[in-house]
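# I'd like to go over a predicted model; first the sequence, then the structure.
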Amino acid sequence: LARGSVFHERARISQVIVSPPYQGKGHGTHLLQAIYALLRRRQVVEITVEDPSAGFRMIRDCVDFQNCVESELIPRELVPVADLSMVAAAPAWLAQVQSALRITSAQAARVHDINLLRNVDASDEALYKAFRLL
């Protein structure tokens with residue numbers, strides 16, 4: 001290894017546990033944000049989660065979506081979607097989200113899908129059905 005080289009570290013979160021009396025009060029969200037902040041300061045290149053539970057997956061999705069909005073990678077305002085054939089995630093955008101948030105490509109794609117769902121008019125039955133079938 002050449003002198004001055006930098007190792008790029010990948011971090012894996014194996015478990016996040018919030019005791020039942022404290023669940024539903026935002027502690028899991030704050031804990032995940034604190035973990036993310038610590039790992040970004042350590043210049044970790046990618047943060048993964050090992051076999052997340054359904055509850056933790058929901059927290060992670062919400063935190064990653066909010067981080068995208070706060071980083072201005074996703075607009076705060078709604079952008080109505082009229083045609084789902086035009087909304088595939090651009091590889092450059094996915095790479096930008098991965099790099100900025102240090103999340104996996106699969107998680108970046110989930111954030112894209114969450115944003116897409118947010119912008120699909122649920123009262124348009126055909127469009128909403130098309131989204132569900134994506």
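All right, it came through fine.
# Any stretches of this structure with poor pLDDT?
Along the chain, segments meeting pLDDT under 70 span 1-8, 85-86.
# ok, longest helix in it?
helix 54-70 (DSSP state H).
# Quick check: buried residues in that one?
56, 59, 60, 61, 63, 64, 65, 67, 68 (16 or more other Cβ atoms under 10 Å). Using the backbone N, CA and C atoms, a C-beta is placed for each residue, glycine as well.
# for that helix, the distance to its chain's centre please.
On the basis of Cα atoms, centre = their mean, to the nearest Å, helix 54-70 sits 5 Å off its chain's mean C-alpha point.
# residue contacts, residue 65?
Shown in contact with residue 65 (Cβ atoms under 8 Å, 6 or more residues apart in numbering): 74, 111, 114, 115.
# go again using 7 Å as the cut-off
By Cβ atoms under 7 Å, 6 or more residues apart in numbering, the contact set of residue 65 is 111, 114, 115.
# tell me the phi and psi of the nearest residue to residue 63 once chain neighbours are set aside?
Excluding the flanking residues, the one nearest residue 63 by Cβ to Cβ, 6 or more residues apart in numbering is residue 32, at 5.1 Å. Backbone geometry at residue 32, expressed as degrees, to the nearest 10, gives phi -60, psi -40.
# Residue 32 reaches residue 61, doesn't it?
No: between residue 32 and residue 61 there is no contact, the gap being 10.7 Å when judged by Cβ atoms under 7 Å.
# Spatially nearest residue to the residue positioned nearest the centre of the chain (excluding sequence neighbours)?
With distances taken as Cα atoms, centre = their mean, the residue of the chain nearest its centroid is residue 64 (3.3 Å). Distances taken as Cβ to Cβ, 6+ apart place residue 111 nearest to residue 64, at 5.1 Å, with adjacent residues excluded.
# Surely that neighbour and residue 68 touch.
Yes: look at residue 111 against residue 68 with Cβ under 7 Å: they come within range, at 5.5 Å.
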